[in-house]
Each structure stands twice: as structure tokens, then as C-alpha cells.
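Undergrad: what would the 3D arrangement of this be:
(2 chains)
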Amino acid sequence: MRTSQFFFTTLKEAPADAEVISQKLMLRAGLIKRAAAGIYTWMPLGLKVLRKVENIIREEMNRAGALELLMPAVQPAELWQESGRWEQYGPELLRFKDRHQRDFVIGPTHEEVITDVVRRDVKSYRQLPLHLYQIQTKFRDEIRPRFGVMRGREFLMKDGYSFHTSFEDLQREYANMYATYSRIFTRLGLRFRAVAADTGSIGGTGSHEFHVLADSGEDAIAFCPDSDYAANVELAEGVTPANPRANASQTLNKVPTPGKTACADVAELLGLPLTRTVKAIAIVNEEEARKRFSLLLLRGDHELNEIKASKVTGLSPFRFATESEIVEYLGCKPGYIGPVGVNAGKVRVVADRIVAAMSDFVCGANEEGFHLTGANFGRDLPEPEVADLRNVVAGDASPDGKGTLELCRGIEVGHIFQLRRKYAEALQCCYLDEQGKNQVMEMGCYGIGVTRIVGAAIEQGNDERGIVFPKAIAPFEVCIVPMGYFKSEAVKATTDRLYADLKSAGVDVVLDDRNERPGVMFADMELIGVPHRLVVGERGLAAGEIEYKSRTAAEPVMIAQDDVLAFVQTQLAA
RNA sequence: CGGGGUGUAGCUCAGUCCGGUAGAGUGUCUGCUUUGGGAGCAGAAAGUCGCACGUUCGAAUCGUGUCACCCCGACCA
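TA: The predicted model follows:
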């Protein structure tokens, strides 16, 4: 490709509302243009990158035995009504009517359609297992789209669905996909980690997420440097402390703490570490007109994990109590509430595992302006119900017992699920087994955020000059920047020959023939992240040499003219 | 959904408080010079001041409404 024939739309300055580095660089490099909130045009340059990502995914999926198909982006409401998600999904599902006033959605995901396809045409165990996937545009009407293509509303996704006659076969395919995903992200040149994950609203049993490691990531990951353990913080288990609870050594004492409603303020006032305090979070579970009020106890420095709390029997679905409900059940305003002296018949108390092992702790006194010190379970209040309720923090013991946890942040780019029979049952996706009996299929589903990968790769690869793309997905592999292309016959001749040679060797090369000043060409090629650069100039040619510089190297090197082709090929293969 | 902010040239932003002929930088175009790190000089084109209504002799500026975009929050005591 010659730059004069291409469409470059680089910018010196990024639009003011760009937040994260990948978004700024993608806009500056002219990879994408914003059309509306969370909706982007992929310019020719950006599309080249996107296609490279897509093709690696496609190659590896095909190699793993999956079959590509393409389902409609627009889906009839009937399928969603049948699965029940027409009601469940909420405003994130973009709905519209056609000219006949029939309801449709723009697909945020394709479980319904794929299950419909398979149930119509798969009738026998002989046709299974089957793994179908597509690379399709999805639309999710996010509350707050942000970070450019990282959380867009419209995005490209690879979604695959597998169908099996047994759970064992589903597990085999799940392992196959785990390996395939690892290969894909390795080929893409990303630093990533597979982590155990919550299955969320999609449901099912086993689940792993693949995260690209980056500080700007929206997810927190807990991992153990001394073992293979890694899990999303949403899921990572907070283990029961190894040491038993210490004996009570203090008496229960009510102390005035006017205006101190947060644990940190109370601890500071009393001159105690935050780890000696216990906070009580009031929640309400309302089902079929029966309201149940509960207090969740966490150590002052810990955070509630709502996903874990909602897994405690009888708590889900819950919401945080209103101020008036807190006054009604505890007789006290928020800020001073605690588990001591509550009416056990009306208020359920669930303590985090860490709290259950605490003694002589500080908590609210259920009286405005007062807290209690020296509180102890079994003496001042009943032994509580115990559950894992908190987000793990760095330094916690690893659940596999092999060291302590560390935390990092990640961008979720892949997610694999063992769906089991949830959708197959709802949509009656069945087959006849060897005995001629009707059986419900076992399903797996496997997603990769194709668009998001481009953003994630840039979050991981950038410097003050712009994007540093991994070689597998850079818009071009090599650029040739001539010095005096329109002035020097020698430079032009050498440049054209080099360009032709690289092209016929199958290299994705770009020749900057824009007649711009050198600084402009260098800056643009660095901004868009081309990994290898060749500079042809009269200086070098006089010595029979051409300059080569890697995007990541500090200094260029001079290569003998005759060796350049071989040298570049070696660099590309590295 | 609640709160806050911003809409002026392709991009970044002044001008709005205090009403009086639309500004800068950058980019774009033309010419000359320059040519190994976003050049210099000269000239030019380019804006329904988000939109509508209102107040006024006169509105980018004041008022009302509306749309778009951005940020924060949505109960962690």
C-alpha cells in the first residue's frame, strides 16, 4: 500500500472527551471515528487491524473444529419471548417495530437464534457434537458507554455455541476452547490471564474469563503468584482465617461518637486500627410481599461483594435498605447501626468469615451518636450466621492454600461458559438418543470481544509517540520512509524496488510517498504503530545501506542494501 | 433515573459575567523557499455560535424550552 493511495486521518490532538489512552490514540491515529455515544465508524486503517484480529480468531476456531455461520443481527421478538428474556433483559435490549408493527430486537447475543437453528435441524445423537460460531455485530444499549471501543454499544463479537449429548462431552469441548482461547490471545501478542469467573446472568456451571492485563481494566483479578490460582474478584473466595477466634478480653462499653458515621472516622476517634471495627450493611429482601431485613457484617476495611451476598440462601434478590426501613427495624439512624441487641426474630444477621473470627470489636450501638467497643460474639450477641461476603484484598490467603493473593486489573476479552441445559430446556432443543429417547442437549457458549481486543492491545502497547501494536495485528508490518523520494532518482529507484520486493515476498508493507517532510512521516508511522521501519536516504545509499528501526528500539541500525529483504523477513519471523 | 458540566471553523479552545459587524492556535488550499523528526514567509477558503421560541432597536452573550455529548451518583451506614 502506498500512503498516497490510502486514507490517512491522523490528528495532532485527541478530542477532549476521550478518557483512556487507547481511545485517545485510536482517534488520533484515525482508526475510528465516533458517530454517536458508544458507536464508531472503523476507518480503513482501523478496519485492517480489526480484520487481522478477526482472522486469527477465525483460523483458530476453525482449527479447533468449530464451524462458522452468520446469524441475523435483527431478531424476531418471538424467540426472546419464548426464552423469557424479552421480559428479563430490560432497557439494555434495543427493541423496535417494523412497518407491520411487529416487534424485533437488535441482538445483544444470539443464544435464542442458535438454539432455534439447532433444534430445527438437529434430530439425532449422530449429528452431535456440534460447535457453531459467528463473528457478528452486537448491540447492547449500555447505561454508560465509555472508554471508546472498550465499552461501546455496538461492537463486534465472536460467539460460539456447542451442543452435546453428555456433560462429559461438553467438558471436553470446554477444555478444547480453553486451549483455543489461550492460543488465540497468545497469537494476538497480548499479556493475558485466564481466571475463574462468576457465571452471572447467563447461568450454568463452570466459567472462565480471559483478561488482558492493564491498569485501566474495569475488572479486578485476584491471583496467586505461587500457584495457578486466578479468579475474578467477583468470585475469588475469602477463606476462613486459620487461627481460631481469640478469647474476649474487654468488657462491652458504649462510647460517644457524635458525627462519626463511617468506620474510618470511628477508628480514628478511638485511636484503633480500622481492622478492629465492624460495619453493618442493612439490606432488604422483598419477595411476594414478604419483607425480610438483614444485617451483613464486614470488617471496617473490607468491601461487600454483592454477588457473594446474593448467593446466600434467602437473601437474593436484595436491595439496600432505605433510611426509614433502618429506623423501623433498628430504631436508629444509619451511621450508628450494629448487630448487638437486635431483635433476632425480625433481623437476620450474617457475618463475613473474617468478622466471625473477630473478638473485642467496635460496632454501632443502634443509638445515634454512640458505638460499642469490646463486643464479642457468644457473650454480647448470639453467634452469627457465617458466609463469605467480602471482596478479597491483596495479602489474603490463597484459597488453594499455596501462598497469598495479589490483585491486578484486567480487560475482559473472552468468556467461556458451560451453559448446561438452561436454554436448551427453555427452547426445547432436543435429540433422539441411541435408544430413540428424546433428550435435552448440553450446551456450552464461548465469546470473544473482537472490537475490545483492539482497545485492549493499545492499552498494553503504547508510548509517548503513539501505538505500539503487536506484530500480528498492526495495520502494516513494515513501513518504508524515503528521504527525498521526489528529489533523488537513486532514492526513488531503491525505494520502489524495495517496496516491490517486500510486496512480492508477501509482506504487508506501506510506502510513505506523500511528499511530506520527514518529521511528519516518522510521526505518523509511529503513531499508527507500524512495528518495523525502513528509511531510504541518499546518505545511506552512498554507503550501500538502508536504515532499519524497530518501533520499540531506541536506535536504528544500518543494513547492507542487498541484505535488507532477508533481514526484514528475519525480523518478521522473530 | 437523579445531580453537575459542555455545545463557537475539521481538531483544541478564547469570547458569554457586563448585548453592539465572529476570534486565536492547529489543520486545509495556493505560491515561493525548505527537505533526516510534526518547517519558514506570503496569501486564501472555512462557522445556520447545537436547535426552537421569547426579551430587545440589536442576542454567541439575557430568558424559557428542547436536543446532543461528557462527568458523577444510584443508598457499602
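
Undergrad: ok, for the closest residue to RNA strand B within the stretch 351-500 of chain A, nearest residue in space, not its chain neighbours?
TA: Residue nearest to RNA strand B within the stretch 351-500 of chain A (Cβ to the nearest atom of the strand): A:Met483, separated by 3.6 Å. C-betas here are computed from N, CA, C, even on glycine. Nearest non-adjacent residue to A:Met483, counting by Cβ to Cβ, 6 or more residues apart in numbering: A:Gly537, 3.5 Å away.

Undergrad: isn't A:Gly449 up against A:Arg151?
TA: No: counting by Cβ atoms under 8 Å, A:Arg151 is not a contact partner of A:Gly449; they are 9.8 Å apart.

Undergrad: more neighbours: which of these two?
TA: The neighbour comparison of A:Gly449 against A:Arg151 (other Cβ atoms under 10 Å) goes to A:Gly449, with 26 against 19.

Undergrad: is that one bridged to anything, and to what?
TA: A:Met157 (DSSP bridges).

Undergrad: list the contacts of it.
TA: Residues near A:Gly449 by Cβ atoms under 8 Å, 6 or more residues apart in numbering: A:155-157, A:412-414.

Undergrad: pick out the most distant pair among those residues.
TA: A:Leu156 and A:Glu412 (15.2 Å; Cβ to Cβ).

Undergrad: quick check: longest strand in chain A by residues?
TA: strand A:406-420 (DSSP state E).

Undergrad: pLDDT of it, averaged?
TA: In this model, strand A:406-420 has a mean pLDDT of 91.

Undergrad: check stretch A:345-354 too.
TA: 91.

Undergrad: note down every partner strand of the longest strand of chain A and its orientation.
TA: Checking strand A:406-420 against DSSP bridges gives partners strand A:207-213 (antiparallel), strand A:219-223 (antiparallel), strand A:442-449 (antiparallel).

Undergrad: what element comes up after that strand heading to the C-terminus?
TA: Using DSSP states H and E, the helix or strand that follows strand A:406-420 towards the C-terminus is helix A:422-426.

Undergrad: how many other residues sit next to the nearest residue to A:Arg390 once chain neighbours are set aside?
TA: Distances taken as Cβ to Cβ, 6+ apart place A:His302 nearest to A:Arg390, at 4.2 Å, with adjacent residues excluded. Neighbourhood size, A:His302 [other Cβ under 10 Å]: 22.

Undergrad: partners of the closest residue to RNA strand B within the stretch 51-200 of chain A in the sheet?
TA: Of all residues in the stretch 51-200 of chain A, the one sitting closest to RNA strand B is A:Arg146 (4.2 Å; Cβ to the nearest atom of the strand). Beta bridges link A:Arg146 to A:Arg151, judged by DSSP bridges.

Undergrad: pretty sure it contacts A:Ser22?
TA: No: using Cβ under 8 Å as the test, A:Arg146 is too far from A:Ser22 to be in contact (11.8 Å).

Undergrad: quick check on those two: which one has the bigger neighbour count.
TA: Neighbour count, other Cβ under 10 Å: between A:Arg146 and A:Ser22, A:Ser22 has more, with 28 against 16.

Undergrad: what about that one, distance to A:Ile458?
TA: 4 Å (Cβ to Cβ, to the nearest Å).

Undergrad: got it, and A:Leu534?
TA: Counting by Cβ to Cβ - A:Leu534 and A:Ile458 are separated by 24 Å.

Undergrad: repeat for A:Pro15
TA: 16 Å.

Undergrad: okay, those two: which has more neighbours?
TA: A:Ile458 (29 against 12).

Undergrad: from memory the residue nearest to A:Met483 sits against A:Pro482, does it?
TA: Yes: here A:Gly537 reaches A:Pro482: they are 7.4 Å apart, a contact under Cβ under 8 Å.

Undergrad: pop the domain breakdown of chain A in here.
TA: Per automatic domain parsing, the structural domains of chain A span A:50-205+A:410-456, A:253-387, A:476-573.

Undergrad: quick check: end-to-end length of the second one?
TA: Which is domain A:253-387. 27 Å (Cα to Cα, to the nearest Å).

Undergrad: and that domain, anywhere near RNA strand B?
TA: Yes: Domain A:253-387 reaches RNA strand B (Cβ under 7 Å from any atom of the strand) through A:261-263, A:279-283, A:303-304, A:306, A:319-323, A:326, A:334-337, A:364.

Undergrad: pull the helix or strand with minimum mean pLDDT from chain A.
TA: strand A:318-320 (a mean of 80; mean pLDDT, DSSP states H and E).

Undergrad: run through who's touching that one.
TA: For strand A:318-320, contacts defined as Cβ under 8 Å, 6+ apart pick out A:281-286, A:294, A:309-310.

Undergrad: TSV please, covering the residues you listed and showing secondary structure and distance to A:Thr165.
TA: Output for the contacts of strand A:318-320, formatted as TSV (DSSP: H, G, I helix; E, B strand; the rest coil; distance: Cβ to Cβ, whole Å):
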residue	secondary structure	distance to A:Thr165
A:Ile281	strand	46
A:Ala282	strand	48
A:Ile283	strand	43
A:Val284	strand	44
A:Asn285	strand	39
A:Glu286	strand	42
A:Ser294	strand	43
A:Ala309	helix	37
A:Ser310	helix	33
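
Undergrad: and the furthest pair within the residues you listed?
TA: A:Ile281 and A:Glu286 (16.4 Å).

Undergrad: between these two, which is the more surrounded one?
TA: Between A:Ile281 and A:Glu286, counted using other Cβ under 10 Å, A:Ile281 has the larger neighbour count: 19 against 12.

Undergrad: okay, A:Leu309: pLDDT?
TA: To be clear, residue A:309 is Ala; Leu isn't right here. So, for A:Ala309, pLDDT stands at 85.

Undergrad: and it, how far is that from A:Ala267?
TA: Where A:Ala267 is concerned, A:Ala309 sits at a distance of 24 Å (Cβ to Cβ).

Undergrad: residues of the stretch 101-250 of chain A that sit close to RNA strand B?
TA: Residues of the stretch 101-250 of chain A lying near RNA strand B (Cβ under 7 Å from any atom of the strand): A:143-146.

Undergrad: please convert the buried members of those residues into ChimeraX selection syntax.
TA: Only the buried entries of those go into this ChimeraX selection, using 16 or more other Cβ atoms under 10 Å:
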select /A:145,146
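
Undergrad: so the residue lying closest to A:Ile114 once chain neighbours are set aside, which state does it fall into?
TA: Closest residue to A:Ile114 apart from its sequence neighbours, by Cβ to Cβ, 6+ apart: A:Tyr161 at 4.5 Å. Under DSSP: H, G, I helix; E, B strand; the rest coil, A:Tyr161 falls in the strand class.

Undergrad: and what of A:Asn176?
TA: Per three-state DSSP, A:Asn176 ends up helix.

Undergrad: who does the spatially most central residue of chain A bridge with?
TA: For chain A, A:Glu412 is the residue whose C-alpha lies nearest the centre (Cα atoms, centre = their mean; 1.7 Å). Beta-bridge pairing for A:Glu412 (DSSP bridges): A:His211.

Undergrad: counting by contacts, list what the helix or strand containing A:Ala194 packs against.
TA: Using DSSP H and E, the element containing A:Ala194 is strand A:192-196. If contacts are counted by 3 or more Cβ pairs under 8 Å, 6 or more residues apart in numbering; DSSP states H and E, strand A:192-196 sits against helix A:167-187, strand A:207-213, strand A:219-223, strand A:230-232, strand A:406-420.

Undergrad: phi, psi of the residue nearest to A:Asn366 when sequence neighbours are not counted?
TA: Nearest non-adjacent residue to A:Asn366, counting by Cβ to Cβ, 6+ apart: A:Cys332, 4.4 Å away. Per-residue torsions, A:Cys332: phi -150, psi 150 (degrees, to the nearest 10).
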